[in-house]
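A.B. asks: what follows is a predicted structure for the sequence shown.
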Amino acid sequence: MKTQSKRYKESVKLVEKDKAYQLKEAIAILKKMPAPKFDGSVDLHFALNVDSKKSDQMVRGTVSLPHGTGKTVRVAVFCKGEHERIAKESGADVVGGNELIDKVTAGFLDFDCAIATPDIMKDLSKLGKLLGPRGLMPSPKTGTVTNDIAKAISDVKKGKVEFRVDKQGGIHLGVGKISFTPEKIFENASCVIDALNEAKPASVKGKFVKSSYISVSMNPGLKLII
């Protein structure tokens, strides 16, 4: 059995068992918790009333965080010809066509987001089973399959993130760093909550979000009222 650290035990004392908190109150408590020796990630966790096996209940979308995630996002762009020059000039970290596809097939996955032009998607489809489970497969629905790759790269670098329900009906998404001001964390988190509610499938009846929590790295989570 894993032993809880002294820091974690001190954090637990700040959380009332079984209480659900308003978002601002929960963030204030997170800021009071003893911090680890690194800038912890603030994350939102949702349990949804959906059956992810049903195509009409697949919850997926994007949201632009006004203050970014606080992380350096590594962007890979799959493209050819003139688009390669544009991608490099626009700040992409990895750029290439079929040679990049081969590199990823061989195990290269040193990127956080993938963007592709429509003309390469036929070739890129072979990576579906590799990139899909990792949430890295480009999709027109999330704006990551586009000819306007300069804008797509800019959006991602500035804080546009994707959310997607997992097989257990959950969504987990970072909304900043604990070093952010409470106001910035609140604004980022609020944007995610709004975007998630807007993504509610029409086929879902009753309560959409069964439960939600906010947490910071290596500390206990707090249940939210949303």
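C.D. replies: Yep, that arrived. Residues are numbered from 1 along each chain as shown.
A.B. asks: domains of this structure?
C.D. replies: Domain ranges of the chain: 18-68+161-224, 75-157, per automatic domain parsing.
A.B. asks: the first one: end-to-end distance?
C.D. replies: In other words, domain 18-68+161-224. 11 Å (C-alpha to C-alpha, to the nearest Å).
A.B. asks: any idea which element the most centrally placed residue in the chain lies in?
C.D. replies: Closest residue to the average C-alpha location of the chain: L173 at 4.2 Å, with C-alpha atoms, centre = their mean. Using DSSP states H and E, L173 maps to strand 170-177.
A.B. asks: may I have the helix or strand following that strand exported as CSV, CA atoms only?
C.D. replies: Proceeding N to C from strand 170-177, the next assigned helix or strand is helix 182-198, under DSSP H and E. Below are the C-alpha coordinates for helix 182-198, written out as CSV (Å, rounded to 0.1, in the frame of the first residue of the first chain):
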residue,chain,number,x,y,z
PRO,A,182,-6.9,32.4,-9.5
GLU,A,183,-8.6,34.6,-12.1
LYS,A,184,-6.8,33.0,-15.0
ILE,A,185,-7.5,29.5,-13.8
PHE,A,186,-11.2,30.4,-13.3
GLU,A,187,-11.5,31.9,-16.8
ASN,A,188,-9.8,28.9,-18.5
ALA,A,189,-11.9,26.4,-16.5
SER,A,190,-15.1,28.3,-17.2
CYS,A,191,-14.4,28.2,-20.9
VAL,A,192,-13.9,24.4,-20.8
ILE,A,193,-17.2,23.9,-18.8
ASP,A,194,-19.1,26.1,-21.3
ALA,A,195,-17.7,24.3,-24.3
LEU,A,196,-18.4,20.9,-22.8
ASN,A,197,-22.1,21.8,-22.1
GLU,A,198,-22.4,23.1,-25.7
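A.B. asks: strands along the chain, start to end?
C.D. replies: 20-21, 41-48, 60-64, 75-78, 94-96, 113-116, 160-164, 170-177, 209-216, 222-224 (DSSP state E).
A.B. asks: given the fourth one, what are its sheet partners and their directions?
C.D. replies: When pairing is defined by DSSP bridges, strand 75-78 lines up against strand 94-96 (parallel), strand 113-116 (parallel).
A.B. asks: what's it in contact with?
C.D. replies: The contact list for strand 75-78 (C-beta atoms under 8 Å, 6 or more residues apart in numbering) reads 83-84, 87, 91-97, 100-101, 104, 111-117, 120, 124, 138, 149, 153, 156-157. Every residue, glycine included, has its C-beta placed from N, CA and C.
A.B. asks: kindly write the PyMOL command that selects the buried subset of those.
C.D. replies: PyMOL command restricting the contacts of strand 75-78 to the buried ones, with burial defined by 16 or more other C-beta atoms under 10 Å:
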select buried, resi 83+84+87+92+93+94+95+96+97+100+101+104+111+112+113+114+115+116+117+120+124+138+149+153+156+157
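A.B. asks: nice, that's everything, thank you.
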